[in-house]
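Colleague: quick one: sequence plus predicted model below, questions after.
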Amino acid sequence: VSTQSTWVSLYDLRNKFKVFSGADSRMQNVSFVLSEWGSIFIITNEGSEDGSVKQNMYQLAEKDTQTKLEMLCSKQAFKQAISLAGTQQLGSYLTDIHRRYGDYLFATKNFDEAVAQYIRTIPHLEPSCIIRKLLDAQRIHDLKRYLQALHKAEYATPDHTTLLLNCFTKLKDYEQLDAFIHSDTAMHFDVESAIKVCRQAGFYENGLHLAQKHKNQDWYLKIQIDDLHNYAEALAFIKSLPLAKAEEALERYGKMLLAKLPDETTQVMMDICVDWKGESDGNRRRSRPEKVVTAFVDAPIQLVRFLECIVENDLCRIDEEGDSGAVVHNALVELYLSHRSRVGERTDEALAEGQRKAFEVLKNPEARYDPNHALVLAHTHGFEAGVAYLYEHKLHLHNDVLNYYMKLGNAPAILTACKAYGEQDSTVWIQALHFFVEAEADYTEEIREILSQIDRQNLLPPLVVVQILSQNKKTKLATIRDFILNRLEKDRRCIDDDGRQIDVFREDNTRMMDELDELHRRAQIIQVNKCTHCHSLLEPPAMHFLCRHSYHLRCVGEGESCPLCAPETRKVGDMRRSLDDAIDKHDVFFAQMQESADGFTTIAEYFGRGVFNGHYPQPRGAVFSDESDDSD
């Protein structure tokens, strides 16, 4: 303090700046300066006219810290404000001072120092406002510095990582890009975003390094296959993956790998379905075939090899996820029937081999293919043997087999089918006859063979056969001559047999009528002297029957019919009651007429039973009994 100039200056020795400097006309003859209670006290001496001394005291009060900081910032004394806030441990104010200092430096074109101040605001200040300021001014270098500081402070987001890598690529700062990616220090950033930027900029090796370093299998395979086209390395990498990851990779890239490395990729797919050498997925050591089979959509030859491996290792199974056997066998049948050589052309040898293998699958009792699906495939590819086998052995549709051969016009196959199914269903011969008669080609020999079977089994009357054959004007008489002659000969023999049978029935009828007439007109003389039952001498009381059987009365019991003839009598009675019941059962009669091959024979049988006249012969019963001694 100068007593002459009365000029007062105060210094902050810790922060090294002058906090107060000034003079006041009232402060003269300063005698003391004291510091107490947070203030500065200045005492002055002033003389008076009477010679006495007057002392005055002035107080300098310190302003609060916030006011000090505002005053310093308003005077652009940012360094002093930063130092003051640091000594007072005012972190919240310190960030704002750095921001204001950075804005001041940025406005004065001192960009490097401004970025240094912005970096010191991390992580308290929102980075987006700084980034926007730097982008608007196109300060890419300074933006790179700020983003690097963000990553080093571990406050970077995926967008910040993307922006930083774009800065590296735009500035062509390949050294720093490599250093950022290959850094061994704990640098925290979004790996996926970094890989995307590297791929977009063409830095595939850097992206590959990041994917491998951070064990990102998906991006590693994308770069190897889509960008670098290193298919062999990608396939080797898949073989080192755990089972679940390998499944995902093959489902996604299997089709492309099969197009480039067909044999090697097929082997990997067989390995994953048979026994995976890599890390297992819990207790699961292999994959389901249907998870990878879709990759073979454009590789039928490799698909055949893959499916054959599945079948050979007995990997077709039924579980809660479905029946893999049905998928495998259905696909095999389709591939065999549409098999192509390696040059892509269908050859006769390939077709024959494919049909042979397809037929082996169809006949395999353990194959769980869908018969209807296989039938469609066999029809589509003209596989006649397969169609016939499926119709006969799997679907049991004999008529469809015959219709299929008729559609093809395969006469030998038609006759073979008729011989195979004719015992079960005789109508197949009639269907075959209609087909050969209506056909334009000459099937004389086939028609003769069918006519012989119709004749042997008596399937159709001759008149109906003649009507069918008359539909074809080309049919010659010689074709049907043998059939007509055989049927005429059979009919002649039947007529002779019927004539002889009629003569026998006529004689029996005449004899029985004579017996009835004799019973009604003449008295019967009983000369039996032994009981028919006990064979002892017949003694009164006795009972005699018109059937010429005699019994002791005790041997007859309570019955009124001949015990010996009683069963036959009951049989006749039951027959009569049955015929009585049949009179009103018209539905039974018409049903038999429809099922009968010869309706006339059925009607004749009903006439023979007397159903239409209601007249039945009476059963023979007891005529008289004699209890006297003179009954004989």
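Modeller: All right, it came through fine.
Colleague: from here on, contacts and neighbour counts on C-alpha atoms
Modeller: Noted.
Colleague: contact partners for the residue lying closest to residue 101 once chain neighbours are set aside?
Modeller: Among residues not flanking residue 101 along the chain, residue 78 sits closest, at 6.0 Å (C-alpha to C-alpha, 6 or more residues apart in numbering). For residue 78, the contact set (C-alpha atoms under 8 Å, 6 or more residues apart in numbering) comprises 72, 97, 98, 101.
Colleague: let me see the contact set for residue 461.
Modeller: Per C-alpha under 8 Å, 6+ apart, neighbours of residue 461: none.
Colleague: how far away is it from residue 490?
Modeller: Using C-alpha to C-alpha, to the nearest Å, residue 461 is found at 12 Å from residue 490.
Colleague: repeat for residue 422
Modeller: 22 Å.
Colleague: for these two, indicate the residue with more neighbours.
Modeller: Neighbours per residue, other C-alpha atoms under 10 Å: of residue 422 and residue 490, the larger number sits with residue 422, 17 against 13.
Colleague: and residue 124, how close does it get to residue 73?
Modeller: 19 Å.
Colleague: can you tell me how far residue 481 sits from residue 471?
Modeller: From residue 481 over to residue 471 (counting by C-alpha to C-alpha), the distance is 17 Å.
Colleague: what count of nearby residues applies to residue 514?
Modeller: Counted with other C-alpha under 10 Å, residue 514 comes out at 12.
Colleague: that one is in what secondary structure piece?
Modeller: Using DSSP states H and E, residue 514 sits in helix 477-521.
Colleague: helix or strand right after that helix?
Modeller: Heading C-terminal from helix 477-521 (DSSP H and E), you reach strand 542-545.
Colleague: who does that next one pair up with?
Modeller: Note on strand 542-545: by DSSP bridges, its sheet partners are strand 550-552 (antiparallel), strand 622-626 (antiparallel).
Colleague: those strands: lowest mean pLDDT?
Modeller: If these are sorted by mean pLDDT, strand 622-626 sits at the bottom with a mean of 42.
Colleague: could you pull out the strands for this structure?
Modeller: 7-12, 17-23, 30-36, 39-47, 53-61, 318-319, 322-323, 542-545, 550-552, 622-626 (DSSP state E).
Colleague: for those, could you give me JSON lines that also reports mean neighbour count and distance to residue 366?
Modeller: Shown next, in JSON lines, are these (neighbours: other C-alpha atoms under 10 Å; distance: least, C-alpha to C-alpha, whole Å):
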{"stretch": "strand 7-12", "mean neighbour count": "13", "distance to residue 366": "99"}
{"stretch": "strand 17-23", "mean neighbour count": "11", "distance to residue 366": "99"}
{"stretch": "strand 30-36", "mean neighbour count": "13", "distance to residue 366": "107"}
{"stretch": "strand 39-47", "mean neighbour count": "15", "distance to residue 366": "106"}
{"stretch": "strand 53-61", "mean neighbour count": "12", "distance to residue 366": "105"}
{"stretch": "strand 318-319", "mean neighbour count": "9", "distance to residue 366": "13"}
{"stretch": "strand 322-323", "mean neighbour count": "12", "distance to residue 366": "13"}
{"stretch": "strand 542-545", "mean neighbour count": "22", "distance to residue 366": "75"}
{"stretch": "strand 550-552", "mean neighbour count": "26", "distance to residue 366": "75"}
{"stretch": "strand 622-626", "mean neighbour count": "14", "distance to residue 366": "74"}
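Colleague: among the ones you listed, which is nearest residue 517?
Modeller: strand 622-626 (15.1 Å; C-alpha to C-alpha).
Colleague: for the closest residue to residue 72 other than its chain neighbours, give its distance to residue 120.
Modeller: What sits nearest to residue 72 in space, not counting adjacent residues and going by C-alpha to C-alpha, 6+ apart, is residue 81, at 5.8 Å. Going from residue 81 to residue 120 by C-alpha to C-alpha gives 15 Å.
Colleague: what do you get for residue 245?
Modeller: For residue 245, the distance to residue 120 - C-alpha to C-alpha - is 44 Å.
Colleague: ok, now residue 550?
Modeller: Taken as C-alpha to C-alpha, the span from residue 550 to residue 120 is 144 Å.
Colleague: check contacts around the nearest residue to residue 263 once chain neighbours are set aside.
Modeller: With sequence-adjacent residues excluded and distances taken as C-alpha to C-alpha, 6+ apart, residue 263 is closest to residue 302, at 7.2 Å. Listed by C-alpha under 8 Å, 6+ apart, the contact set of residue 302 reads 262, 263, 266, 296.
Colleague: distance check, residue 302 against residue 232.
Modeller: From residue 302 to residue 232 the distance is 17 Å (C-alpha to C-alpha).
Colleague: again with residue 534
Modeller: With distances taken as C-alpha to C-alpha, residue 534 is found 110 Å from residue 232.
Colleague: how about residue 190, what does it touch?
Modeller: Here residue 190 is in contact with 157, 158, 161 (criterion: C-alpha under 8 Å, 6+ apart).
Colleague: farthest pair in the contacts of residue 78?
Modeller: Between any two of those (C-alpha to C-alpha), the greatest distance is 12.8 Å, for 72 and 98.
Colleague: hmm, back to that, would you turn the contacts of residue 190 into TSV with neighbour count, distance to residue 601 and pLDDT?
Modeller: Shown next, in TSV, are those (neighbours: other C-alpha atoms under 10 Å; distance: C-alpha to C-alpha, whole Å; pLDDT from 0 to 100):
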residue	neighbour count	distance to residue 601	pLDDT
157	15	101	81
158	14	98	77
161	24	102	77
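Colleague: among these, which are in helices?
Modeller: Judged by DSSP state H, the contacts of residue 190 include 158, 161 as members of helices.
Colleague: closest one to residue 307 out of the contacts of residue 190, please.
Modeller: residue 158 (44.9 Å).
Colleague: not counting its neighbours along the chain, what's nearest the closest one?
Modeller: residue 190 is the one closest to residue 158 (C-alpha to C-alpha, 6+ apart), at 4.9 Å.
Colleague: give me the pLDDT value at the one you found.
Modeller: 71.
Colleague: measure the spatially closest residue to residue 291 that is not a sequence neighbour to residue 272 for me?
Modeller: Excluding its sequence neighbours, the residue lying closest to residue 291 (C-alpha to C-alpha, 6+ apart) is residue 251, at 6.9 Å. To residue 272, residue 251 is 12 Å away according to C-alpha to C-alpha.
Colleague: so for these two, which sits in the more crowded spot?
Modeller: residue 272 (22 against 15).
Colleague: from residue 481, how far off is the more buried one?
Modeller: Distance from residue 272 to residue 481, by C-alpha to C-alpha: 72 Å.
Colleague: for residue 572, same thing?
Modeller: In terms of C-alpha to C-alpha, residue 572 sits 48 Å off from residue 481.
Colleague: for stretch 36-55, give me every contacting residue.
Modeller: 27-35, 56-62.
Colleague: nearest to residue 587 among these?
Modeller: Nearest to residue 587 among the contacts of stretch 36-55, with distances taken as C-alpha to C-alpha, is residue 62, at 129.1 Å.
Colleague: how many neighbours does residue 278 have?
Modeller: Neighbour tally, residue 278, other C-alpha under 10 Å: 15.
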